[in-house]
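A.B. asks: turn this into a model:
(2 chains)
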Amino acid sequence: MTKISRRDFLKVSFTAGGALLVGTYLEACAPADLTDTPLPMPTGTSTAIPEPPFQPNLHIRIDTEGVVTLIIHRSEMGQGVRTSLAMILAEELEADWSTVRIEQMDASKGVNQITSGSGSILINYDRLRELASVARRILVEAAAQFWGVTPEECKAENGEVVRMASGERVGYGQLVAIANTLDSKPRPELKDPKDFKLIGTSLQRVDDPDIVTGRAIYGLDVRVPNMLYAVVARPPVLRGELLEYDSTQAESEAGVRAVVEIPGGVAVIAENTWAAIQGRAALKLTWEDGENESLSSEAIRQQLVDKMDAAIAEEKATPLKTIEAVYETPYLAHAAMEPVNCVADVCADVCELWIPTQNPQAVQEFVEARLGLPTIVHVTLLGGGFGRKLEVDYALEAVEVSKAFGGPVQVVWTREDDIQYDFYRQVTYHWMKAGWDNDGKLGLWRHYLAGQGISGVAYQAGTEVLNEDIAVLYDFDGRISTSYLVNLPVRTGPWRGVVSATNAFANECFVDEVAAALGRDPFEFRMSSLRKNDLLRAALELAVEKSDWDSPLDEGHGRGIACHKTYGQTSVAMVAEVSVKDGGVHVHKVTCAISCGQVIHPDMVIQQMEGSIAFGLTSLLKGEITYKDGRVQQGNFHDYPLLQMSEMPEVEVYMVEDSRPPQGLGEMGVPPIVPAVVNAIFNATGIRIRRTPIRPGDLLVS
Amino acid sequence: MATFILSVNGVDHTVEANPNMPLLWALRDLLNLTGTKYGCGIGMCGSCTVLMDGNAVRSCILPVSASADRAIITIEGFSTDGLHKVQQAWLAESVSQCGYCQPGKILTAAALLDKNPHPTTAEIDSAFENNLCRCGTYLRIRRAVQRAAEGG
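C.D. replies: Numbers count the residues shown, from 1 in each chain, chains lettered A, B, ... in the order given. Have a look, this model is predicted:
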């Protein structure tokens, strides 16, 4: 039998999938029959040591063939970061785009790898440009040395350095050897944005060819030698505990290899995922339900109401004319199409993980603390993240399974696992009050929020997260916006838009209520209340112009407007047109205007707005997570439905000229869509939706 | 356990499996064809769609026993070079965001166009009922199907 080294096995198993992953080889874990014997040198090849690539920093590698590799430290989950960061790099490096490749960085030290807060471009734009600019200048110096001229006589262009006087050219690959000898540390010289050639264009995404051919490797697609598949039985009641279990029948299922107890559950390990799922179903489990055995959504809501009642009891009387309203949002699951999962291989002296994560360094930190072992974390593509894959629970669980079993396992979460053991978007309860004088001038604005913070493993946050973008956008007098933390046992986490989205729902709908009470046009009222230099003005004006705001509507149709500035960065205004018929709403069209600074890739801006609109509409029109007897009552897409294609509105996106550096995009369309549609429903019907999602009967005229 | 011959992408594979094992897991775990994705396991999301005798089927609810001796095409065998007009339309319209569900969408589109070369918007929406995409690429999927219908 031909021996194959583990190193080569890993290489083969990945490149057969066409992915850009580089598997790290762990000799310590190699089984005896897969020893790392060196392969014979192919005949006819030189034994000379090849020139090492030019690697001026953590992110850039240029080989002697001229291939430019971006070693990327952010996770690709659909937002396009592997393409947009590569474009930024290639722009300042003057690389030939066709030679640019991407390699995903393992969890590392010395660079922040967290993909969250819509911040990957905002945070890395200047830094990556500077690194690329320095690399470009070293290559120019290398070329100058090659020709015996000064660097000033040369310029970099499209993967080559040009000697300006003669027009001679030398490729970056040919300059690697000289560049490696230079001890030069030039300062970055950034391009003038008007000279950008790649930034501002809609290049094909780097992963698209692999996606349409099925070669893209997500977490669930990782296969390592001797890997088995596992699913875990977890307590049905929140924070319940295992009392005892009988695995006799599970272990007799064909394909089941082992049943092991781990902290928080029982894992069934099998030769394939189906056998593991069958084995889990055959387990006889006895749980101690614990203190949450009677937890219900009604009781949770009552705690929010009680907290709010105590807060508003302190409110003083006012001579102004006032209106009040309460807005409520439920727990929501992330429901990425790829459930969370993790391949773990815990050995005696090292642990290796392959995981779709937004947060590789936290995974590494938590796993190392749990195991006391050095841990290598490889990041795969993510089949959606939306904040769920910031958490580390599924990594910790996978290492427990691998450790207890004693070999590499892929812990698969079924859809039910993914929905029922998620870290949900928080429940929120917003009490709103506004008051105005006889001239209709606002003198009082209250937004009190009672809600749960973030209660996760890697993430905990209290009122600071509830206060995110709670302040109303408008320059009203007498504004007080504050939040009250309610401690609840439910696991919560960051969810695309986080509390900024629920705060925008309350603020932008209640502003609409005030405008209606004052008999003012919702657009005109907003414009008259914004500060003079607010970037939202241009976005609102553009959305109104493009949506033909004042044009007549068909019978039963309504139009609504809303805007938001998520994390204070990107201004987004949306106009929604809806119709309501037989108690159901149809969203026909959303016109979106956005002011997001320098646009790296215009089509990705549009994609993020389309995606945010679908995500937000799901939260308004579809399901919620509820508890009864301590158990989550939803489990799959039949009872936690997502928006369908037939429900997707037409979307038009317009970009406002904005000379700022690039601002965030990934979450920024989620907050305004819900209030835009809710306000449009009011315009169509006179009915105010103040609690999401819309329930059957909410839109029936009584 | 029983033995089945699965014809996948024109190649016959002999697999030993529980007859009730969904085709999805046979493809992914027994044949290592991971382009077919798991999304829900109850036929509600379409991520696992493959072609069987030219029809789009949900492999997560189709037992391997019902898949034997049928011509199964997965994304890996649909067109290895990515040059099929549906794949080209997907690239031209920049459909994909995370891309996880797109192999199922591409095969759904191919089966639709095979039977109905010029579908209306309503017919496209109907073919994509319970074909979920959490990234919200629906408008582009629709445009890509229309583009492919017009010849790519």
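
A.B. asks: in the longest helix anywhere in chain B, what counts as buried?
C.D. replies: Of all the segments assigned as helix in chain B under DSSP state H, the longest by residue count is helix B:102-115. Of the residues in helix B:102-115, those with enough neighbours to count as buried (16 or more other Cβ atoms under 10 Å in any protein chain shown) are B:Gln102, B:Pro103, B:Gly104, B:Lys105, B:Ile106, B:Leu107, B:Thr108, B:Ala109, B:Ala110, B:Ala111, B:Leu112, B:Leu113. All C-beta spots, glycine's among them, are computed from the backbone N, C-alpha and C.

A.B. asks: just checking, the last one touches B:Ala89?
C.D. replies: No. Using Cβ atoms under 8 Å, B:Leu113 makes no contact with B:Ala89, being 9.7 Å away.

A.B. asks: okay, and the common contacts of the two?
C.D. replies: When contacts are counted by Cβ atoms under 8 Å, 6 or more residues apart in numbering or on different chains, B:Leu113 and B:Ala89 have B:Val145, B:Ala148 as shared neighbours.

A.B. asks: sorry, back to before: could I get the buried residues of helix B:102-115 as a markdown table with distance to A:Ala86?
C.D. replies: Below are the buried residues of helix B:102-115 laid out as a markdown table (distance: Cβ to Cβ, whole Å):
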| residue | distance to A:Ala86 |
| --- | --- |
| B:Gln102 | 21 |
| B:Pro103 | 24 |
| B:Gly104 | 27 |
| B:Lys105 | 25 |
| B:Ile106 | 24 |
| B:Leu107 | 29 |
| B:Thr108 | 30 |
| B:Ala109 | 28 |
| B:Ala110 | 30 |
| B:Ala111 | 34 |
| B:Leu112 | 34 |
| B:Leu113 | 33 |
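
A.B. asks: run the contact check for the longest helix of chain B versus chain A.
C.D. replies: Yes. Residues of helix B:102-115 are located near chain A by Cβ under 8 Å from any Cβ of the partner chain, namely B:Gln102, B:Pro103, B:Ile106.

A.B. asks: and the closest residue to B:His118 other than its chain neighbours, how far from A:Ser297?
C.D. replies: The shortest distance from B:His118 to any non-neighbouring residue, by Cβ to Cβ, 6 or more residues apart in numbering or on different chains, is to B:Ala149 (5.3 Å). Remark: distance between B:Ala149 and A:Ser297 (Cβ to Cβ, to the nearest Å) = 46 Å.

A.B. asks: all strands of the stretch 151-300 of chain A, in order?
C.D. replies: A:154-157, A:160-163, A:169-171, A:228-233, A:241-246, A:256-262, A:265-270, A:284-288 (DSSP state E, counting those that start in this stretch).

A.B. asks: list the pairing partners of the fourth one within its sheet, with orientation.
C.D. replies: If I follow you right, that is strand A:228-233. strand A:265-270 (antiparallel), strand A:409-412 (parallel) (DSSP bridges).

A.B. asks: equivalent analysis for the first one, please.
C.D. replies: Each strand that strand A:154-157 pairs with, and the sense of that pairing, follows from DSSP bridges: strand A:160-163 (antiparallel).

A.B. asks: give me the contacts around the partner strand.
C.D. replies: Outside strand A:160-163, the residues that touch it by Cβ under 8 Å, 6+ apart are A:96, A:139-140, A:142-143, A:147, A:149, A:153-156, A:168-172, A:175.

A.B. asks: just give me the neighbour total for the closest residue to chain B within the stretch 551-700 of chain A.
C.D. replies: Nearest residue of the stretch 551-700 of chain A to chain B: A:Ala614, at 2.6 Å (Cβ to the nearest Cβ). Neighbour count for A:Ala614, taken as other Cβ atoms under 10 Å in any protein chain shown: 27.

A.B. asks: do the one 5 residues further on as well
C.D. replies: Per other Cβ under 10 Å, the neighbour tally for A:Ser619 reads 25.

A.B. asks: hang on, isn't it packed against A:Leu332?
C.D. replies: Yes. Counting by Cβ under 8 Å, A:Leu332 is a contact partner of A:Ser619 at 5.8 Å.

A.B. asks: any idea how far chain B is from A:Glu99?
C.D. replies: One thing to correct before we go on: residue A:99 is Thr, not Glu. Plainly put, A:Thr99 is 20 Å away from chain B if you go by Cβ to the nearest Cβ, to the nearest Å.

A.B. asks: where in chain B is pLDDT low?
C.D. replies: Screening chain B residue by residue with the criterion pLDDT under 70, one finds the ranges B:152.

A.B. asks: domains in it, by residue range?
C.D. replies: Chain B breaks down by automatic domain parsing into domains covering B:2-78, B:85-149.

A.B. asks: rewinding a little: of the strands of the stretch 151-300 of chain A, which approaches A:Asp437 most closely?
C.D. replies: Of all the strands of the stretch 151-300 of chain A, strand A:241-246 sits nearest to A:Asp437, with 59.0 Å by Cβ to Cβ.

A.B. asks: tell me what the closest one is packed against?
C.D. replies: Taking 3 or more Cβ pairs under 8 Å, 6 or more residues apart in numbering or on different chains; DSSP states H and E as contact, the helices and strands that strand A:241-246 lies on are strand A:256-262, strand A:265-270, strand A:284-288.

A.B. asks: what does the last one contact?
C.D. replies: Residues external to strand A:284-288 that are found in contact with it (Cβ under 8 Å, 6+ apart): A:233, A:235-237, A:240-247, A:249, A:266.

A.B. asks: where does the stretch 101-250 of chain A come near chain B, residue by residue?
C.D. replies: Taking Cβ under 8 Å from any Cβ as the contact definition, the stretch 101-250 of chain A meets chain B at A:202, A:204-205, A:207-209, A:211-218, A:220-221, A:223, A:229.

A.B. asks: A:Asp475 touches A:Lys532, doesn't it?
C.D. replies: No. If you go by Cβ under 8 Å, A:Asp475 and A:Lys532 don't touch, sitting 9.3 Å apart.
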